[in-house]
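Peer 1: Sequence first, then the predicted structure, then my questions.
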Amino acid sequence: MSTREADRISAAEETLNTLYDISQLLNTGLDRETLATCVGLIESGVNPEALAAVIQELRREGAATKATRTANGR
């Protein structure tokens, strides 16, 4: 691995660590892997607001499913 590539990887890791710290301060509930996936999607051109809306909808559906299972004793 070249020094330039190592520097690029190091900078990317540092950026992700900073984003994760901000994410924790904002109580987003995103783990590092999910945050990295979101960053990758945004860097690939996905609309950040649309991505946030999808994540919120998935959380709502997950909570509703969990509530249904709890109510049905599963």
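Peer 2: Arrived safely. Numbering: from 1, shown residues only.
Peer 1: rest of the way, CA atoms for contacts and neighbours
Peer 2: Fine.
Peer 1: Quick one: end-to-end distance for stretch 22-32.
Peer 2: For stretch 22-32, the first-to-last residue distance is 11 Å (C-alpha to C-alpha, to the nearest Å).
Peer 1: So which bits of it are buried?
Peer 2: 23, 32 (16 or more other C-alpha atoms under 10 Å).
Peer 1: Ok, stretch 37-49 next?
Peer 2: 38-39.
Peer 1: Now do the end-to-end distance for it.
Peer 2: Note: stretch 37-49 ends 15 Å apart using C-alpha to C-alpha.
Peer 1: which residues are in contact with it?
Peer 2: Leu51 (C-alpha atoms under 8 Å, 6 or more residues apart in numbering).
Peer 1: Could I get the average pLDDT for that stretch?
Peer 2: Regarding stretch 37-49, the rounded mean pLDDT is 97.
Peer 1: to the chain's geometric centre, what's the distance from it?
Peer 2: 10 Å (C-alpha atoms, centre = their mean, to the nearest Å).
Peer 1: center of the chain - which residue?
Peer 2: Leu35 (2.6 Å; C-alpha atoms, centre = their mean).
Peer 1: Does it touch Tyr20 like I think?
Peer 2: Yes. Between Leu35 and Tyr20 there is a contact at 7.1 Å, judged by C-alpha atoms under 8 Å.
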